[in-house]
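*Asks:* Structure for this input, please:
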Amino acid sequence: MKPMKATWPTAATANQRTLAQRRAVDPALLGNGDDEGVGMAPPDTASRLRPTAGMAATWAAGLADLEFGERYFLPTARAPVDRTRRREAISNGEAPMASTATFSASIAAAGRGLRPWRPRGRLQVHAAITMVAFACYILGRLASGGVATAFSLIGVGACGWAWLVSRALFDPAERDARWARVVAWVVALSGALSVVALEAGLVGRVAGNVYALSGSAALLLTFVEPFHRFAPDLPRAERRFRFAFVAVYALLVAVSVLGLRAVGQGPDEAMRDDLVKSACAALGLAAVVVAVRFRLGHPLPTRIGAAARRAPTEDDARLADRLRRLLTEEAIDSRPELKIGDVATRLGEPEHRVSQCISTALGFANFNRWINHHRIARAKRMLADPDERRSILEIAFTCGFASLGPFNRAFRDEVGTTPRVYRSAMRPSEDVQARGRARPATP
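*Replies:* Numbering: from 1, shown residues only. Just a heads-up that it's a prediction; the model follows:
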């Protein structure tokens, strides 16, 4: 018998000795001893599985002690699977079941490496739930009896889930706010309860009222979402998408809700109501698919202004000089409740031009950041001045803040500490004297 090649790491030495002993007992059972490596899947098998480099260590560790796995579960050209030998080995205890479990774990790891799982964002998750709800709503309208009730239990929550889709379409946050999920679940659960509960009973009336209120709120919120973070400097494709979303959504709501108020109570009118609402739901389902495909192809940036931000032009530079003169000559930052509209009116420029100039030429995220930066700079000079005797509240008013709370928050965001701590750090001698005056005299 040819000597075995020691190709495995040191961690598999004990397993190699065990396999060598098995070969000595029954060479025919475990192969001809001409292996490429102890416990390793032969090259032809490895080429068929093609494990990635990242899971090579997992594959090796799982098969290091698995001569049984190699010979009885992985067919090769030199050593095909011998099912009779496999059953005999298992019955004689020569192939421990623990090895089978280890081999299965290795195969599972290989599968994860070959088919990596890609986490889905909230847009895809909400879109999938919404499409299922729309489909169940349509089937519940067209079916009858218990089947219709079963589908309606899921379909009644379609408006709530559709609202979450609209939030994911126009809000770049990675996850939903907790209250938004609560509203969607209230719509779904109250709607399902109103389906199964008797309308004449107390539970049915309460569930129906809650469903009507929450569903109406979800419909209204869906209409509002496209205007979230809307700005004139958005890309043209994004603006068109938002306008189209509002137009299609308004049309569907008008037809399915407002246009059917005058329908009578006869069977023909009820059938027409079901058909119209089913058609609107089908169009809504198609609209969800189109909207999701657009958003996946045109991702919404984390900050809208970053997508449309461009290099400053000469006009931006001139406008920036005018803004600086307003600060130095007129001290506009000292005016409480100053708005970007006030500055735009003073300069005779559109608001979006002033906003774009602040973000490009001046380098600030928005108007409030720019104004607060200069307000805090003035406050820092006053707090560091040893001759300044005004209180922190008076300094806040002087610098243009309407109250102490916004001043403290803006100061902490800009400087990293509170105004009181900053003044104590900049006036250490006065702080020591104040503590000395506050200390009672010793007898």
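
*Asks:* ok, and for the helix of greatest length in the chain, which residues are buried?
*Replies:* With secondary structure taken from DSSP state H, the chain has its longest helix at helix 267-297. Within helix 267-297, the residues that qualify as buried are 276-278, 280-281, 283-285, 287-288, 291-292, 294-295, counting by 16 or more other Cβ atoms under 10 Å. For glycine as for every other residue, the C-beta is placed from the backbone atoms N, C-alpha and C.

*Asks:* so how many other residues sit close to the closest residue to I376 other than its chain neighbours?
*Replies:* Spatial nearest neighbour of I376, excluding adjacent residues (Cβ to Cβ, 6 or more residues apart in numbering): E414 at 4.3 Å. Neighbour count of E414, defined by other Cβ atoms under 10 Å: 16.

*Asks:* The longest helix of the chain packs against which elements?
*Replies:* helix 122-142, helix 158-170, helix 236-253 (3 or more Cβ pairs under 8 Å, 6 or more residues apart in numbering; DSSP states H and E).

*Asks:* just checking, which of those sits deepest inside the structure?
*Replies:* Mean neighbour count (mean count of other Cβ atoms under 10 Å) peaks for helix 158-170 among those, with a mean of 25.

*Asks:* where's the closest residue to L221 other than its chain neighbours relative to L319, distance?
*Replies:* Distances taken as Cβ to Cβ, 6+ apart put W163 closest to L221, at 5.3 Å, once the chain neighbours are dropped. Going from W163 to L319 by Cβ to Cβ, to the nearest Å gives 40 Å.

*Asks:* now swap in V125 and tell me
*Replies:* As judged by Cβ to Cβ, V125 and L319 stand 44 Å apart.

*Asks:* Likewise for K277?
*Replies:* Computed with Cβ to Cβ, the distance linking K277 and L319 is 53 Å.

*Asks:* Name the residues of the helix or strand in which N209 is found that are buried.
*Replies:* Using DSSP states H and E, N209 falls within helix 202-224. Buried residues in helix 202-224, counted by 16+ other Cβ under 10 Å: 204, 207-208, 210-211, 214-215, 217-219, 221-223.

*Asks:* Can you tell me which of these is nearest N366?
*Replies:* Distances from N366 to those, taken as Cβ to Cβ, are shortest for L221 (24.9 Å).

*Asks:* Need the pLDDT of that closest one.
*Replies:* Per-residue pLDDT puts L221 at 90.

*Asks:* Report the contact partners of it.
*Replies:* Applying Cβ atoms under 8 Å, 6 or more residues apart in numbering to L221 gives the contacts W163, S166, V183.

*Asks:* Dump the residues you listed into JSON lines; add pLDDT as well.
*Replies:* Formatted as JSON lines, the contacts of L221 follow (pLDDT from 0 to 100):
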{"residue": "W163", "pLDDT": "92"}
{"residue": "S166", "pLDDT": "92"}
{"residue": "V183", "pLDDT": "92"}
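
*Asks:* In CSV: these, plus distance to A396.
*Replies:* Compiled in CSV, those are given as follows (distance: Cβ to Cβ, whole Å):
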residue, distance to A396
W163, 40
S166, 40
V183, 38
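
*Asks:* what's the closest of the residues you listed to T398?
*Replies:* The closest of those, once distances to T398 are taken by Cβ to Cβ, is V183, at 44.0 Å.

*Asks:* Tell me the secondary structure of that closest one, please.
*Replies:* V183 falls in the helix class when you classify it by DSSP: H, G, I helix; E, B strand; the rest coil.

*Asks:* separation between it and L123?
*Replies:* 18 Å.

*Asks:* Kindly report the same for G416.
*Replies:* Distance from G416 to L123, by Cβ to Cβ: 36 Å.

*Asks:* mind listing the helices for the stretch 301-443 of the chain?
*Replies:* Shown for the stretch 301-443 of the chain, the helices assigned by DSSP state H, counting those that start in this stretch span residues 304-308, 314-330, 340-347, 351-360, 367-384, 392-398, 404-415, 419-426, 428-438.

*Asks:* Just name the most buried of these.
*Replies:* Ranked by mean neighbour count, the helices of the stretch 301-443 of the chain are led by helix 351-360 with a mean of 20 (mean count of other Cβ under 10 Å).

*Asks:* Give me the helices and strands touching that one, please.
*Replies:* By 3+ Cβ pairs under 8 Å, 6+ apart, helix 351-360 packs against helix 314-330, helix 340-347, helix 367-384.

*Asks:* quick one: it to helix 314-330, angle?
*Replies:* 90 degrees (axes from the mean of the first three to the mean of the last three Cα atoms, to 10 degrees).

*Asks:* tell me the angle of helix 351-360 relative to helix 367-384?
*Replies:* Using the same axes, to 10 degrees: helix 351-360 against helix 367-384 is 50 degrees.

*Asks:* Helix 351-360 - what's its average pLDDT?
*Replies:* On average, helix 351-360 scores 89.

*Asks:* again with stretch 379-392
*Replies:* Here the average pLDDT along stretch 379-392 is 92.
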